[in-house]
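1. Give me coordinates for this.
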Amino acid sequence: MVRILKKDDWFHPDGFPIAVERRDPQEPFGLHAHEFSELVIITGGRGLHVTGQDSWQLGTGDVFVIGGSRPHDYLNMENLRLINVLFDQEDLSIELMDLPSLAGYHALFHLEPAWRKRHDFKSRLRLTPTDMKISVGLVDELDGELNKRNAGFGFLATAIFMQIVGFLSRCYGRSRNTDSRALLRIARTITHLESHYADAINLDELVDMSQMSKRSFLRAFEAAMGYTPIAYVIQLRIARAAKLLCQTDDNVTNIAYSVGFNDSNYFSRQFRKHFGITPRAYRQHHLK
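-> Numbering: from 1, shown residues only. Below you'll find the model as predicted:
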């Protein structure tokens, strides 16, 4: 039976959606899932990471992300030590800015979890001793803010958490592992779309970037991101349009064209499908 870990039991009573749990060593816990996500850093020892019928050997320096709905456990532990950074993506009010321009971000947080079984965990991030020291130092800073909870801790803890995310994303981008490089090629197609969302989408160009067959690329992209490349771009365009509606006085038609739509009526239909209201109603609601 899979035990579900509840947010109320693992996050502070004030509801702040980031927490640090250290396991030194990890004790037997049992198969479980949770209402939040975990960023796991293996700091020492050995053990098996078990998810259902699959299991993979863990060692010092391994870093991976576990989504809340994925049952998992640790077995055959030999002084296995780890850090869990718990976070609730839905409750984190974070502006990613140019983080999505890092291929390693998409690879670590989206692609590797989706491809873990297919790659037999070989595309995981493995930190060097130097990168491990930096990562643990950042976690120590985060833990300090969360424990003291002085005025402004929420801002500082969020900033440190994002520093950890950014640093680990850069580490993944430097990986020379063959399987990791394969994920990075797919990740670069995502960063390309993030940077060129307003341009016409050339699917063949994306396929060339991935160095995969067209069929394999489309299946891999959708499995990781939950959308086809075209649908993903539409989501990017709508998200950008929503910001412009709130931040500028430009009319709806001009905004539609500026984010890559060639038909303002089609833009309005897609916007309403996503937000449930028209672009004009969205602007009026957010400018109150």
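
2. Distance-wise, check the residue nearest the centre of the chain relative to Ala103.
-> In the chain, the residue lying closest to the centroid (C-alpha atoms, centre = their mean) is Phe109, at 3.6 Å. Computed as C-beta to C-beta, to the nearest Å, the Phe109 to Ala103 distance reads 11 Å. Every C-beta, even on glycine, is put in place using the N, C-alpha and C of the backbone.

3. before we move on, what about Thr189?
-> The spacing between Thr189 and Ala103, counted by C-beta to C-beta, is 9 Å.

4. repeat for Glu112
-> In this structure, Glu112 and Ala103 are 12 Å apart, going by C-beta to C-beta.

5. Next, show the common contact partners of the two.
-> By the contact definition C-beta atoms under 8 Å, 6 or more residues apart in numbering, Glu112 and Ala103 are jointly contacted by no residue.

6. Wait, Ile160 touches Glu145, no?
-> Yes: Ile160 is within contact range of Glu145, at 6.5 Å (criterion: C-beta atoms under 8 Å).

7. how about the helices of this protein, start to end?
-> Using DSSP state H, the helices found in the chain span residues 7-10, 103-106, 112-115, 129-148, 153-173, 178-195, 203-210, 214-225, 229-247, 252-258, 264-275, 279-286.

8. Present those as a markdown table; the columns should include mean neighbour count.
-> Converted to a markdown table, these look like this (neighbours: other C-beta atoms under 10 Å):
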| stretch | mean neighbour count |
| --- | --- |
| helix 7-10 | 12 |
| helix 103-106 | 24 |
| helix 112-115 | 20 |
| helix 129-148 | 16 |
| helix 153-173 | 19 |
| helix 178-195 | 20 |
| helix 203-210 | 16 |
| helix 214-225 | 16 |
| helix 229-247 | 17 |
| helix 252-258 | 18 |
| helix 264-275 | 16 |
| helix 279-286 | 16 |
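
9. Phe36 is in contact with Val85, correct?
-> No: here Val85 lies out of contact with Phe36, judged by C-beta under 8 Å, at a distance of 10.4 Å.

10. burial measure for Gly152, as a count.
-> Other residues within reach of Gly152 by the criterion other C-beta atoms under 10 Å amount to 9.

11. Contact partners for Ile255?
-> Applying C-beta under 8 Å, 6+ apart, the residues contacting Ile255 are Ala241, Leu244, Leu245, Thr248, Pro279.

12. Check the model's average confidence along stretch 41-59 for me.
-> Averaged over stretch 41-59, pLDDT sits at 93.

13. Now the terminal residues of that stretch, how far apart.
-> 10 Å (C-alpha to C-alpha, to the nearest Å).

14. ok, now stretch 191-207?
-> For stretch 191-207, by C-alpha to C-alpha, the gap between its terminal residues amounts to 14 Å.

15. distance between it and the chain's centre?
-> Relative to its parent chain, stretch 191-207 has a centroid offset of 20 Å by C-alpha atoms, centre = their mean, to the nearest Å.

16. could you pull out the strands for the stretch 1-150 of the chain?
-> Secondary structure of the stretch 1-150 of the chain, counting by DSSP state E, counting those that start in this stretch: strands at 3-5, 18-23, 32-34, 37-51, 54-58, 62-66, 73-87, 125-126.

17. Throw these into CSV and include distance to Ala231, thanks.
-> CSV is the format used below for the strands of the stretch 1-150 of the chain (distance: least, C-beta to C-beta, whole Å):
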stretch, distance to Ala231
strand 3-5, 30
strand 18-23, 30
strand 32-34, 27
strand 37-51, 23
strand 54-58, 29
strand 62-66, 23
strand 73-87, 26
strand 125-126, 28
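
18. Now mean neighbour count and distance to Ala198 too, for those, in JSON lines please.
-> Written out in JSON lines, the entries for the strands of the stretch 1-150 of the chain read as follows (neighbours: other C-beta atoms under 10 Å; distance: least, C-beta to C-beta, whole Å):
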{"stretch": "strand 3-5", "mean neighbour count": "13", "distance to Ala198": "41"}
{"stretch": "strand 18-23", "mean neighbour count": "17", "distance to Ala198": "33"}
{"stretch": "strand 32-34", "mean neighbour count": "18", "distance to Ala198": "38"}
{"stretch": "strand 37-51", "mean neighbour count": "20", "distance to Ala198": "30"}
{"stretch": "strand 54-58", "mean neighbour count": "16", "distance to Ala198": "40"}
{"stretch": "strand 62-66", "mean neighbour count": "21", "distance to Ala198": "30"}
{"stretch": "strand 73-87", "mean neighbour count": "18", "distance to Ala198": "31"}
{"stretch": "strand 125-126", "mean neighbour count": "22", "distance to Ala198": "32"}
